[in-house]
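Asker: Pasting a predicted model and its sequence here:
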Amino acid sequence: MSTTDASSSSKRLRPEKPRKRESKKTRVLQKAIESKHPARQSFADYRSYVRKHYDGLPGAMLAVTGIVTGHEMLAGRLIHPRAFDIRGCKRLLDAGCGDGRYSKFILRRADVDAMITGFDYSRQMLQRARRRLKNPRATHVTADLTRLPYADQVFDAVVCGWVLEHLPDPRPGLQELSRVMQPGGKLLLMVTEDTISGAVCSRLWHCRTYNRTDLRTIAKECGLTWHHEMWLSRWHAKMRLGGIIVELRKDG
């Protein structure tokens, strides 16, 4: 992961070097692999499809597949003082919490008086999260990322892992996350990227992918500044593996 301690924060915030433009063959291959479900269905039908997908066996297997793919380890490394630092945050939101993978580490790293709430569109995933966490500091509700049941400026830290790619347009989701965040609040966003490896993930989980540059621009439109990116290793950064993992800050 490319994050370091606070003393080197200025270095990691330097503008990135322009990425080499992908070849036409690579882009064609990526589009051929990527799931067609989001484009072929209405948003209402697609959302129903995704909820059934996560209510069923794929969602039940997340605890196992997370270990096999390394996502469980990644969660532990991201929710950490040297990466996404949640110390001092008192109201934390796990957006699209799934089976509680990130909530588990949020509870471990957050202040003892911090309160954590999670939401998911799948009721079965929420039941799995409750069974996994069994912690009175964590509460859960069924909710839609584009219509959150929270007041304005409630949370000072938000984690949203691999959820935004289930929206055909990221703006409604990012606007809602921005709305419920306090000015200066931080958001750890993880999204499937428009790469070959991202296209494979898209095929497996029936989601879309996002272009890193486009997403950065859209986040800014929603009042969220691209603070710094994180990578599992320099090799992942060089090969563009592991998706988009970025800390965003809400404009003050």
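Answerer: Noted; the coordinates are in hand.
Asker: pLDDT at His236, what is it?
Answerer: At His236, the model reports a pLDDT of 80.
Asker: Go ahead and list the helix or strand containing it.
Answerer: helix 234-239 (DSSP states H and E).
Asker: Arg108 too?
Answerer: With DSSP H and E as the test, Arg108 turns up in helix 101-109.
Asker: Show me what that helix is in contact with.
Answerer: The contact list for helix 101-109, computed with C-beta atoms under 8 Å, 6 or more residues apart in numbering, reads 62-63, 66, 71-72, 75-76, 78-81, 86-87, 92, 94, 97, 116, 118, 129, 132-133, 135, 137-138, 159, 161. The way it works is simple: take the backbone N, C-alpha and C, and place the C-beta from them, glycine included.
Asker: Tell me the first helix or strand C-terminal of that helix.
Answerer: Next element after helix 101-109 (DSSP H and E): strand 115-120.
Asker: what pairs with that next one, and is each one parallel or antiparallel?
Answerer: strand 91-95 (parallel), strand 138-142 (parallel) (DSSP bridges).
Asker: Point out the most buried one among those.
Answerer: With neighbours taken as mean count of other C-beta atoms under 10 Å, those reach their highest mean count in strand 91-95, at a mean of 26.
Asker: Measure how that strand sits relative to helix 101-109, angle-wise.
Answerer: 160 degrees (axes from the mean of the first three to the mean of the last three C-alpha atoms, to 10 degrees).
Asker: what comes into contact with strand 91-95?
Answerer: So strand 91-95 is contacted by 86, 100, 102-103, 106, 110, 114-119, 145, 150, 154-160, 163, 177, 180 (C-beta under 8 Å, 6+ apart).
Asker: try 7 Å this time
Answerer: With C-beta atoms under 7 Å, 6 or more residues apart in numbering as the test, strand 91-95 has contacts from 86, 102-103, 106, 110, 114-119, 145, 154-160, 163, 177, 180.
Asker: Count the residues that sit near Ile218.
Answerer: 17 (other C-beta atoms under 10 Å).
Asker: So which of the strands paired with strand 115-120 is nearest Arg203?
Answerer: When these are compared for distance to Arg203 using C-beta to C-beta, the nearest one is strand 91-95, at 23.9 Å.
Asker: Sounds good, over and out.
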